[in-house]
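**Student:** sequence and predicted structure, then a few things I'm wondering about:
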Amino acid sequence: SQKIEQNSEALNIQEGKTATLTCNYTNYSPAYLQWYRQDPGRGPVFLLLIRENEKEKRKERLKVTFDTTLKQSLFHITASQPADSATYLCALRGKAAGNKLTFGGGTRVLVKP
Amino acid sequence: KAGVTQTPRYLIKTRGQQVTLSCSPISGHRSVSWYQQTPGQGLQFLFEYFSETQRNKGNFPGRFSGRQFSNSRSEMNVSTLELGDSALYLCASKRRLPEGADTQYFGPGTRLTVL
């Protein structure tokens, strides 16, 4: 069956350091992968999209990599700040027509000052 | 542009009752998707509507239903509520990105508690 896995353990990190989150998937032929941020009590907010034929995407302090051989995406927050504390979700859209966007369980990040 | 709005924000019901949740997408967006989010199962897709037609459906029982109106506003209904239906229900409208993919804009959600 199709699975999207993110580390369910919270990531505690010191301000200024780089946070790295992992998203692994199985039994998917992805068209693209997205990363969202979710704050408590709010809906997810879209951050970045990376296509299957792209290796890396950047947006300000955020960087996403996509390795379709390893079936893995890495999400990096460089120079992390306490305001980056949130849950980060990855989501995959498969290539098949009508394929829906499926989310991983999310990883909570806590940046300590 | 106003974002996705959902009403009500909080709801408390008892087992066996039914509930209707409402969602207004971003102006101009015609696709609306609904998700259920729980601590144990994460964010799970319920259904998607486009131009008043259900285009995609997740693996939820028939107690969960939805519809979309001509102004793109959408409602979802859960009948015969069970304790396990307690969750955050999120609505999202879709925007097509220049590169051809699409992304979801989520509303703040409706927190449903079933007692």
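**Tutor:** All right, it came through fine. Predicted model, so just to flag it, every value in this text is computed and none were measured.

**Student:** I'd like the average pLDDT over the helix or strand hosting B:Glu75.
**Tutor:** Using DSSP states H and E, B:Glu75 maps to strand B:74-78. Averaged across strand B:74-78, the pLDDT comes to 98.

**Student:** contacts for it next, please.
**Tutor:** For strand B:74-78, the surrounding residues in contact (CB atoms under 8 Å, 6 or more residues apart in numbering or on different chains) are B:18-23, B:25, B:32, B:34, B:46-47, B:49, B:63-69, B:85, B:89, B:91, B:112. From N, CA and C alone the C-beta is placed, and that goes for glycine too.

**Student:** can you select the buried ones from the residues you listed in PyMOL?
**Tutor:** PyMOL command restricting the contacts of strand B:74-78 to the buried ones, with burial defined by 16 or more other CB atoms under 10 Å in any protein chain shown:
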select buried, chain B and resi 19+21+23+25+32+34+46+47+49+64+65+66+68+85+89+91+112
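
**Student:** OK, contacts around the residue in chain B that chain A sits nearest to?
**Tutor:** Closest residue of chain B to chain A, CB to the nearest CB: B:Phe106 (3.0 Å). Taking CB under 8 Å, 6+ apart, we find B:Phe106 in contact with A:Gly43, A:Pro44, A:Val45, B:Val4, B:Leu90, B:Cys91, B:Ala92.

**Student:** distance check, B:Val32 against A:Ser29.
**Tutor:** Relative to A:Ser29, B:Val32 is positioned 26 Å away (CB to CB, to the nearest Å).

**Student:** tell me the average confidence for the host helix or strand of B:Thr113?
**Tutor:** Assigned by DSSP H and E, B:Thr113 belongs to strand B:110-114. On average, the pLDDT along strand B:110-114 is 97.

**Student:** so what are the sheet partners of it and their directions?
**Tutor:** Sheet pairing for strand B:110-114, assigned by DSSP bridges, gives strand B:10-13 (parallel), strand B:87-96 (antiparallel).

**Student:** winner for burial among the ones you listed?
**Tutor:** strand B:87-96 (a mean of 21; mean count of other CB atoms under 10 Å in any protein chain shown).

**Student:** relative orientation of that strand and strand B:74-78 in degrees?
**Tutor:** Going by axes from the mean of the first three to the mean of the last three CA atoms, to 10 degrees, strand B:87-96 is angled at 150 degrees with respect to strand B:74-78.

**Student:** how about the strands in the chain?
**Tutor:** I'll assume chain A. A:3-6, A:11-14, A:19-26, A:30-38, A:45-51, A:56-59, A:62-67, A:72-77, A:86-94, A:101-103, A:107-112 (DSSP state E).

**Student:** other chain: chain B
**Tutor:** Applying DSSP E to chain B gives strands spanning B:5-7, B:10-13, B:19-24, B:31-38, B:42-50, B:53-57, B:64-68, B:74-78, B:87-96, B:102-106, B:110-114.
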